[in-house]
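Q: give me coordinates for this.
(chains A, B, C and D)
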Amino acid sequence: MARILQLDTAVAELVNDGDTVAMEGFTHLIPMTAGHEIIRAGRRNLTLCRMTPDLIYDQLIGAGCARKLVFSWGGNPGVGSLHRFRDAIQNSWPVPLEIEEHSHAGMANRYVAGASGLPFAVLRGYAGTDLPAHTDTISTVRCPFTGEELAAVAALNPDVGVIHAQRADRAGNVQFWGITGVQKETVLASARSLVTVEELVDELPAQPGAVVLPSWAVTAVAEVPGGSHPSYAQGYSERDNTYYQDWDAISRDRERFRQWLDTEIHGSERSPR
Amino acid sequence: MARILQLDTAVAELVNDGDTVAMEGFTHLIPMTAGHEIIRAGRRNLTLCRMTPDLIYDQLIGAGCARKLVFSWGGNPGVGSLHRFRDAIQNSWPVPLEIEEHSHAGMANRYVAGASGLPFAVLRGYAGTDLPAHTDTISTVRCPFTGEELAAVAALNPDVGVIHAQRADRAGNVQFWGITGVQKETVLASARSLVTVEELVDELPAQPGAVVLPSWAVTAVAEVPGGSHPSYAQGYSERDNTYYQDWDAISRDRERFRQWLDTEIHGSERSPR
Amino acid sequence: MSDELSEVPAASEFTSDEMMTVAASRSLHDGAVCFVGIGLPSTAANLARRTHAPGLVLIYESGTLGTKPQRLPLSIGDGVLAETADSVVGVPEIFNYWLQPGRVDVGFLGGAQVDRYGNINTTVIGDDYDSPEVRLPGAGGAPEIATSCGEVLIVMRHSPRAFVSDVDFITSVGHGRDGGARAELGLPGRGPVKVITDLGVLQPDERTNELTLTDLAPGVEVERVRAATGWPLRVAEELGAQQPPTDRELRILRELKATLGNGESS
Amino acid sequence: MSDELSEVPAASEFTSDEMMTVAASRSLHDGAVCFVGIGLPSTAANLARRTHAPGLVLIYESGTLGTKPQRLPLSIGDGVLAETADSVVGVPEIFNYWLQPGRVDVGFLGGAQVDRYGNINTTVIGDDYDSPEVRLPGAGGAPEIATSCGEVLIVMRHSPRAFVSDVDFITSVGHGRDGGARAELGLPGRGPVKVITDLGVLQPDERTNELTLTDLAPGVEVERVRAATGWPLRVAEELGAQQPPTDRELRILRELKATLGNGESS
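A: You can find the predicted model right below:
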């Protein structure tokens, strides 16, 4: 059964230095506030996994929490580049960042294999690309029936999976809908999981298109309204596009980024959401 | 785009002698009436695929439509044995029946591979059982990362997939809910597909837990109210348990079964649903 | 569960099937995640949920997670399972995401034959697979339930035809032909930990994994169990006696069974 | 589409980006299933749906099938895509059940570099992957879009830095390093059939698969395209001229772009 915890308690308990952490949410329901809490907790040497690193990992990388990034597309969606991510890879600032790079199809299947208790997944992927030469979690496997050679990717089984959902009930059953991404797989593939939710409710109303994760498959739930800001939480909030655009300028400059960290993460005063 | 057809026209067009046909519905939404239409159309030498052959295939097998059965559990659920299925295997009546036998996990993954355009699927399955010795669509594959050996099953790609759903709209978009089984995979794995529906509606209302198959992924839709009788159609009808129980006696006896065929399938008078 | 058992034993009469169901129910601990099939396992699990294990999580292979039916389902496709579930998922998902990775604590199995090492046959009777004496329903979900659940409970009526020295066909592995298969195959689950019958309970011997009589049903003698077993049955040094169903267990069990209305019509 | 093109050409002024978007839109035939990314492809596909291809099926990789947004989405996670979709599925499903088996007719790709054989680089600029001159966003869905879609449309602004003889890194395969990769690899889709730029259109040569200039944008000369291309660009024997946007196309395109409100806030 999932425990209902405060966010800071949950992060302190579940996320350790050196852990492999997957924070997912495919451009919707991104667990941004949980990411800020990990920065605030001063975690180091994390292996961060995420299909679309996005602002959440740009911030964690810039803050020096990560030693490695496992990903498939690292941009500021609809705006441009992730400058902290680039600075880490091109200039090892603030610390060197190792990368393990896949396609979306490969990453999604790595989570599927992880959730399924299998060591690998098979796909038609990476054909003709230079990615397999640089990523050792991409290989090939031969069909025992047809002899055909296909791509294989290693299962991804993070120590901790972190997602944001619309609702949970007080027993810890989690419900999310709209674009549901790879969040179910992330939680099921991970040894421990943390779900931040817009609200805790007495009962989960039936909801078209909803994914429900039963309480006994989740480690901890924390009520964090606005926990996906500035990304979307369908039914609760829209994308704060200005934040994404402003991030471009903040993140381009190490000094402005440091100020942002001081003010927005470590400072007592924070911008209103 | 799916065409909206009469059931008899659809079966005449889509199901040919010698075809591999999968009729799915995991004890819910079983396309029984479509099965009767295939008997009525006199199809022969079919390879019938279905996880739970159930009454629908007992009837098709007894009527001599099948040369082969691909399955994982052949019983009269909650009642007992399938007598026409047994008679065909044990006594080749009315014609010999070849079998290809899997577990549920294996069959489900065969449909998944078929729907995914992959030649095989990997699972932790069949360990320690005598099934692989008798079924050549079960093999093994080695993980290229860990060296571990796992079970592999060949993809299942029927010529025709047939399912029953609650609703479709007039454009041919299909919606079903409740226990949704492997029906999505069956349609996507099949070269052609036929969906019988309880009703055609102008617009599909949002429905919690619903699977929607877009019209362009379906070949034909036929309006067949009660088309899953005597199995369930959640929101429309309950299981007719007496039918399942009565079937035990009818199917035990070749003569009573012949009478049933004459009266219920070929006769002009049919029992009211 | 101890509370349950410390109740005054039933004065009521009960059948051996009722004893078997109650024994199966008592084997489920509160909070366990249980993979349930129709028939006795479904009855036993729902009885447990109404007595000592209100937090039991029921999974039916049709895709219903955490279902809480008010009545017994007629089949695994029964709408009541979907309507009362925490979540309904597709059949591929139930096997791949929920059973396969070892998320299920207890699985129930039964069959036409079980052998001294807890292997189960639901495929064919007779030596020739291609031309069987009796064709049985086949595997269903059983092979993977047998390997992936934390532990397996086997429930079957005792008879020499059913309890055989070696099954004709291994549909679901217990401890293999020689008792050592689980370690050899590297299977994650413990396999069959108990065989609950109408005559008592057998459990695998700690050393050899051979099924051994550990508990007798009320009124049953060892010789009767031996006569109903197709191999020379060993008896545990400390042979236990099953507690008869309590009045409460019997009442709830019978109320549950009464919900299996017959001849429902569309 | 012919109806569309027979309209009187626009008197209005238009930008080369508008011409590029309109050309991409015109390349989509009614009823096609189209895998769409944010930016120009999304604009072009939604323009097509509002003009000559009302039956165009839009799939965004975030899992929305048959989406019909009233406004342009800000990102592939935009709620408008889920709310107006025929069906929303998970990300593993969109790649495994919908893209991989070849159910998508047309995919759009762009990138930092494209080479003479239509290979695309969105990974790194520079020869050393581990220490790149410029680190780009990476692959996203592109490698499998490039191989699994029936055909691929590439849309990129023309410049010698972007149109290079050989890409530094193949993120998404076009016709491979020597033009013959698709047959060698047994890829199901035709690969890039058109590269639509602000200066015109390139298409693979039928024999060699080398990208060749086939159409010029209004007011553009061949020499300007050659100067913007990093390899000796061949020109098709029959060089076409793009029809300028019609007034209707321009009006609808601008209405669409105006729906991209800025600075929406939670």
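Q: make it CA atoms for all contacts and neighbour counts henceforth
A: OK.
Q: burial count for residue 32?
A: Just going to use chain A. When counting by other Cα atoms under 10 Å in any protein chain shown, one arrives at 27 neighbours for residue A:32.
Q: was after chain C, sorry
A: For residue C:32, the count of nearby residues is 16 (other Cα under 10 Å).
Q: what do you get for residue A:264?
A: By other Cα under 10 Å, 15 other residues sit near residue A:264.
Q: how about residue A:134?
A: There are 14 residues near residue A:134, going by other Cα under 10 Å.
Q: do the same with the one 5 residues further on
A: Residue A:139 is flanked by 19 other residues according to other Cα under 10 Å.
Q: thinking it is in contact with residue A:155, fair?
A: No: Residue A:139 is beyond contact range of residue A:155, at 11.8 Å (criterion: Cα atoms under 8 Å).
Q: for the helix or strand harbouring residue A:85, name the packing helices and strands.
A: Residue A:85 is part of helix A:83-91 when elements are defined by DSSP states H and E. Secondary-structure packing of helix A:83-91 (3 or more Cα pairs under 8 Å, 6 or more residues apart in numbering or on different chains; DSSP states H and E): helix A:54-62, helix A:241-252, strand D:134-135.
Q: between the ones you listed, which gets nearest to residue B:194?
A: Nearest to residue B:194, of all those, is helix A:54-62, at 42.4 Å by Cα to Cα.
Q: still on that earlier bit, need the winner for burial among the helices and strands packed on helix A:83-91.
A: When you average the neighbours per residue for each of these (mean count of other Cα atoms under 10 Å in any protein chain shown), helix A:54-62 leads with a mean of 25.
Q: any idea which helix or strand comes after that helix?
A: strand A:66-71.
Q: ok and that following strand relative to helix A:54-62, angle-wise?
A: Computed by axes from the mean of the first three to the mean of the last three Cα atoms, to 10 degrees, the angle separating strand A:66-71 from helix A:54-62 equals 150 degrees.
Q: mind checking which helix or strand the residue in the stretch 51-200 of chain C positioned nearest to chain A is in?
A: Here the residue of the stretch 51-200 of chain C nearest chain A is residue C:101; by Cα to the nearest Cα that distance is 4.2 Å. Residue C:101 belongs to no helix or strand when assigned by DSSP H and E.
Q: give me every residue that touches it.
A: Going by Cα atoms under 8 Å, 6 or more residues apart in numbering or on different chains, residue C:101 touches A:115, A:116, A:117, A:118, C:148.
Q: which one among those gets closest to chain B?
A: Distances from chain B to those, taken by Cα to the nearest Cα, are shortest for residue A:118, at 7.2 Å.
Q: that closest one and residue D:222, how far apart?
A: For residue A:118, the distance to residue D:222 (Cα to Cα, to the nearest Å) stands at 55 Å.
Q: repeat for residue A:33
A: Taking Cα to Cα, one finds residue A:33 at 53 Å from residue D:222.
Q: so for the two, which sits in the more crowded spot?
A: residue A:33 (21 against 18).
Q: nearest residue to the more buried one in space, please, no chain neighbours.
A: residue A:227 (4.9 Å; Cα to Cα, 6 or more residues apart in numbering or on different chains).
Q: so how many other residues sit close to that neighbour?
A: Residue A:227 - counted by other Cα under 10 Å - has 27 other residues nearby.
Q: now residue C:71
A: Neighbours of residue C:71 (other Cα under 10 Å): 17.
Q: and the closest residue to residue A:109 other than its chain neighbours, helix, strand or coil?
A: Leaving aside its sequence neighbours, residue A:109 sits nearest to residue A:121 (Cα to Cα, 6+ apart; 6.0 Å). Three-state call for residue A:121 (DSSP: H, G, I helix; E, B strand; the rest coil): strand.
Q: okay, residue A:121: pLDDT?
A: Residue A:121 is assigned 98 on the pLDDT scale.
Q: for it, give the beta-bridge partners.
A: Beta-bridge pairing for residue A:121 (DSSP bridges): residue A:153.
Q: helices along chain A, start to end?
A: Counting by DSSP state H, the segments of chain A that form helices are A:7-14, A:32-40, A:54-62, A:83-91, A:104-116, A:183-189, A:241-252, A:254-260.
Q: if we can go back for a sec, tell me the one of the contacts of residue C:101 nearest residue A:259?
A: Of all the contacts of residue C:101, residue A:259 sits closest to residue A:115, with 39.3 Å by Cα to Cα.
Q: residue contacts, the closest one?
A: By Cα under 8 Å, 6+ apart, the residues touching residue A:115 are A:157, A:185, A:186, A:187, A:188, A:189, A:190, C:96, C:97, C:101.
Q: residue contacts, the second one?
A: Which is residue A:185. A:111, A:112, A:114, A:115.
Q: ok, 6 Å please
A: By Cα atoms under 6 Å, 6 or more residues apart in numbering or on different chains, the contact set of residue A:185 is A:111, A:112, A:115.
Q: now, which of the residues you listed sits nearest chain D?
A: Among the contacts of residue A:185, and counting by Cα to the nearest Cα, the member closest to chain D is residue A:112, at 7.3 Å.
Q: which residue sits closest to the closest one, ignoring its sequence neighbours?
A: residue A:185 (5.8 Å).
Q: I'd like to know how far the one you found sits from residue B:184.
A: From residue A:185 to residue B:184 the distance is 19 Å (Cα to Cα).
Q: same question for residue C:40.
A: For residue C:40, the distance to residue B:184 equals 31 Å [Cα to Cα].
Q: helices of the stretch 101-250 of chain C, start to end?
A: C:142-148, C:181-185, C:222-227, C:247-258 (DSSP state H, counting those that start in this stretch).
Q: closest to chain D out of those helices?
A: helix C:142-148 (23.7 Å).
Q: which outside residues touch that closest one?
A: In contact with helix C:142-148 (Cα under 6 Å, 6+ apart) are residues B:125, B:126, C:100, C:102, C:172, C:187, C:189.
Q: check stretch C:216-226 too.
A: C:199, C:200, C:233, C:241, C:242.
Q: which of the residues you listed count as buried?
A: C:199, C:200, C:233, C:242 (16 or more other Cα atoms under 10 Å in any protein chain shown).
Q: no further queries at this time; thank you.
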